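Asks: I would like to see how this sequence folds:
(one chain, ligands or ions: 2)
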Amino acid sequence: SRRDLRAVAELIKSGACKNVVFMVGAGISTAAGIPDFRSPETGLYSNLARLELPRPEAVFDISYFREDPRAFYALAQELWPGKFKPTMTHVFMRMFADRGLLLRCFTQNIDTLELAAGIPRDKIVFAHGSFAGQHCIDCMEEFDRKTLEEHVRSGTPAFCACGGLVKPDITFFGEALPPEFHGSLHLLEEADLAIVMGSSLSVYPFAALPQRIEEGVPRLLMNMEKVGEIGSRRDDVAWIGECDDGVRELAEQLGWWEEME
Ligand code: NAD
Ligand code: ZN
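Replies: Ligands and ions are numbered 1, 2, ... in the order given. All right, here's what the predicted structure looks like:
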């Protein structure tokens, strides 16, 4: 039988979940005004037509970036951190950290809204990197933040002293994931609750993280659509809808809501 949100809230209230793991994606930031990738019409990929890319994914492809970095710089202009505020869902995750219940937040997002919400850096795994740093793609030298910001603002690619292109520390297709991703996988075995939100679970290896949660450990999905194999286990809960709504319902049942408003 499936537990519903209330059952998950009861489980948390009972003290049974002290090592909670979140696995999140672009869907938790759409309410902040940042488009996701794959939602039809509103997703980034459907809005990239004007950039004349060979295919939308090329904007995050390292070999295409070497050939023509302008499309990425145009996108970076839109996504550059600072103008967006964390959502209810980000705040909800921070409340687990506040209570000492957050084991890790694995995020595919590069918007750093987790940090903006106040989740401690060491509780976050930026699985696909983030806009928080920037390096030359040839000599790997760190590049000046302010200078890159000026380049992003004007949409003109920045170059290192060595002549190499500068790129924010976002993991592109064709690049290795940050060491912190692989270094944190063992934690999934310690999880006593997994909450998956706002991801199509279509980018590997991240998409396989929920499968690493041990049998018998509840997995809660809060997403606009059913994704992955969450729902196939007895202890799974698949809740379909906007994550801010699901989060609100959970927070009310937990008695955390007043603190969140
Ligand atoms: P995705 O676009 O593939 O999937 C988003 C999922 O979230 C979809 O299943 C969609 O139905 C769901 N969704 C959208 N709005 C929602 C809402 N309000 N509530 C609940 N569910 C909602 O995104 P993904 O799985 O994260 O794709 C992976 C790639 O997208 C990553 O590599 C990531 O770096 C990149 N990305 C990041 C950002 C960001 O940092 N905010 C934005 C776009 C893309
Ligand atoms: Zn260089």
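
Asks: does the lengthiest strand in the chain come close to ligand 1?
Replies: For the chain, the strand that runs over the most residues, judged by DSSP state E, is strand 129-136. No: interface with ligand 1: strand 129-136 contributes nothing (Cβ under 6 Å from any ligand atom), its closest point being 8.0 Å away. (Glycine included, C-beta is placed from N, CA and C.)

Asks: got the contact list for that strand?
Replies: Defining contact as Cβ atoms under 8 Å, 6 or more residues apart in numbering, one finds that strand 129-136 is touched by 76, 79-81, 109-112, 115, 126, 141-143, 145, 148, 160, 162, 164-171, 178.

Asks: hmm, 7 Å instead?
Replies: 80-81, 110, 112, 141-143, 145, 148, 160, 162, 164, 166-171, 178 (Cβ atoms under 7 Å, 6 or more residues apart in numbering).

Asks: ligand 2 next: which of the residues you listed are close?
Replies: Restricting the contacts of strand 129-136 to those touching ligand 2 (Cβ under 5 Å from the ion) yields 141, 160, 162, 164.

Asks: what's the PyMOL syntax to select whichever of those residues are buried?
Replies: Buried subset of those, written as a PyMOL selection, criterion 16 or more other Cβ atoms under 10 Å:
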select buried, resi 160+164
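
Asks: got a markdown table for the ones next to ligand 2 among the contacts of strand 129-136, with pLDDT too?
Replies: Below are those laid out as a markdown table (pLDDT from 0 to 100):
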| residue | pLDDT |
| --- | --- |
| 141 | 98 |
| 160 | 98 |
| 162 | 98 |
| 164 | 97 |
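
Asks: and which of the ones next to ligand 2 among the contacts of strand 129-136 is nearest to residue 220?
Replies: residue 141 (42.7 Å; Cβ to Cβ).
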